[in-house]
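In: pasting the sequence and the predicted model now:
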Amino acid sequence: MRHGHYQSDGSLTQEGIEQVSKAAEAFKDQNLVIYSSPVTRCMETAAILKNAVVESELYQISWLGKYHMLPKNCLSLLQGETIILVSHQPTLYRIIDQMGANADNFSFSYGLPVKLVF
């Protein structure tokens, strides 16, 4: 999931908060493990998700904030039946590439989840 729309100071705008809150409704009855970039807009997005669901865990991972630090097979480092990655567009595209999928087939809009099943 790409973070919500943000202001010049890096925090979410009201629109961003509303985007993420609306998206979080889809997960309200699920147990989630949320992994987030440490960047403010991502952590705010992750906190909204965490507060909206029945049960969740939230972890901050530095390489989700810097796509050039992305480890090979990064998804194998994450655990959870249903996970949400909150990050930035370039990092999310690189993760898709690692999965062997064509990143051109995906669109990461602000505050909207993209479901990947593997």
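Out: All right, it came through fine. Numbering: from 1, shown residues only.
In: pLDDT weak spots in this structure?
Out: 117-118 (pLDDT under 70).
In: which helix runs longest in it?
Out: helix 40-52 (DSSP state H).
In: pull the contacting residues for the residue nearest the centre of the chain.
Out: With distances taken as CA atoms, centre = their mean, the residue of the chain nearest its centroid is Val86 (1.7 Å). When contacts are counted by CB atoms under 8 Å, 6 or more residues apart in numbering, Val86 touches 1-3, 34-37, 42-43, 45-46, 49, 64. Heads up, the C-betas are built off the backbone N, CA and C, glycines and all.
In: who is the closest residue to Glu44 other than its chain neighbours paired with across the strands?
Out: Closest residue to Glu44 apart from its sequence neighbours, by CB to CB, 6 or more residues apart in numbering: Leu12 at 4.7 Å. With DSSP bridges as the criterion, Leu12 is bridged to Tyr6.
In: how long is stretch 61-79 end to end?
Out: End-to-end distance for stretch 61-79, by CA to CA, to the nearest Å: 13 Å.
In: I should have written stretch 69-81 there, sorry.
Out: 25 Å.
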